[in-house]
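Novice: give me a 3D structure for the following:
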Amino acid sequence: MDDRADLDAPPDVDATIDWLLGEGFELVELRALGQANGNKVVELVRGPEHVIIQRDRGVWELGMRGDGWVGGLHTLYEAATGVVFEQPRGGPLPNRSPSDELQWVDAVPAIFAWRDATPDWRTRHDQTLEVGAERIRRRRG
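Specialist: Here you go, the predicted model:
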């Protein structure tokens with residue numbers, strides 16, 4: 001796969017990729033993962049910042065990492081805004097695809113804006129990761 005038309009992504013995923021490209025990210029990988037179930041991966045890079053978008057078994061996910069920060073979209077959005085996306089104990093993994101709950105094209109710019117405008121963003125980022133890890137420990141009982 002060497003063309004975004006082959007990506008067959010939801011409109012919000014396409015709009016998020018367009019926003020990232022407009023912000024100076026370079027598309028460095030766009031490929032099918034080789035399975036017949038339609039799994040795909042997209043990687044965009046700007047300096048030390050990486051955004052990886054993948055589709056796994058029909059679910060779209062977005063992860064980000066850079067100089068001193070890493071996380072999935074929901075975790076980083078929680079750090080930036082304080083909005084928590086809870087998962088019921090014993091429930092299925094949350095669908096991380098764009099939804100009415102969280103539009104990627106709004107969340108990704110908000111995360112970058114928060115990071116750029118917040119001098120102590122690393123502290124909030126690390127606290128959010130720890131709170132998330134504690135939630136997982138509690139769910140596992």
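Novice: any buried residues in the helix ranked longest in the chain, and which?
Specialist: The longest helix of the chain (DSSP state H) is helix 121-140. Neighbour counts over helix 121-140 (16 or more other CB atoms under 10 Å) mark 121, 124, 125, 128, 129, 132 as buried. In short, each C-beta sits where N, CA and C put it, glycine included.
Novice: what is that helix packed up against?
Specialist: strand 69-72, helix 73-81 (3 or more CB pairs under 8 Å, 6 or more residues apart in numbering; DSSP states H and E).
Novice: to residue 20, which of the ones you listed lies closest?
Specialist: helix 73-81 (12.5 Å; CB to CB).
Novice: buried stuff in the very next helix or strand once past the closest one?
Specialist: The first helix or strand that comes after helix 73-81 along the chain, using DSSP states H and E, is helix 104-117. Across helix 104-117, burial judged by 16+ other CB under 10 Å covers 104, 105, 107, 108, 111, 112, 114, 115.
Novice: average pLDDT for the longest helix of the chain?
Specialist: In this model, helix 121-140 has a mean pLDDT of 76.
Novice: next up, phi/psi of residue 30, please.
Specialist: With angles defined as degrees, to the nearest 10, residue 30 sits at phi -150, psi 100.
Novice: and the worst-scoring helix or strand of the chain on mean pLDDT with helix 104-117, angle?
Specialist: Every helix and strand of the chain was ranked by mean pLDDT, DSSP states H and E. The lowest is helix 121-140, at a mean of 76. Taking axes from the mean of the first three to the mean of the last three CA atoms, to 10 degrees, one finds helix 121-140 and helix 104-117 inclined to each other by 130 degrees.
Novice: can I get helix 121-140 in PDB? Just the C-alpha atoms.
Specialist: Output of helix 121-140 as PDB, limited to C-alpha atoms (Å, rounded to 0.1, in the frame of the first residue of the first chain):
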ATOM      1  CA  TRP A 121       3.300  19.100  31.100                       C
ATOM      2  CA  ARG A 122       5.800  16.300  31.900                       C
ATOM      3  CA  THR A 123       4.500  16.100  35.500                       C
ATOM      4  CA  ARG A 124       0.900  15.900  34.500                       C
ATOM      5  CA  HIS A 125       1.800  13.300  31.800                       C
ATOM      6  CA  ASP A 126       3.600  11.100  34.300                       C
ATOM      7  CA  GLN A 127       0.800  11.400  36.900                       C
ATOM      8  CA  THR A 128      -1.800  10.500  34.300                       C
ATOM      9  CA  LEU A 129       0.200   7.400  33.300                       C
ATOM     10  CA  GLU A 130       0.500   6.300  36.900                       C
ATOM     11  CA  VAL A 131      -3.300   6.900  37.500                       C
ATOM     12  CA  GLY A 132      -4.000   4.800  34.400                       C
ATOM     13  CA  ALA A 133      -1.800   2.000  35.600                       C
ATOM     14  CA  GLU A 134      -3.500   2.100  39.000                       C
ATOM     15  CA  ARG A 135      -6.900   1.800  37.300                       C
ATOM     16  CA  ILE A 136      -5.700  -1.300  35.400                       C
ATOM     17  CA  ARG A 137      -4.400  -2.900  38.600                       C
ATOM     18  CA  ARG A 138      -7.700  -2.300  40.300                       C
ATOM     19  CA  ARG A 139      -9.700  -3.800  37.400                       C
ATOM     20  CA  ARG A 140      -7.500  -6.900  37.500                       C
END
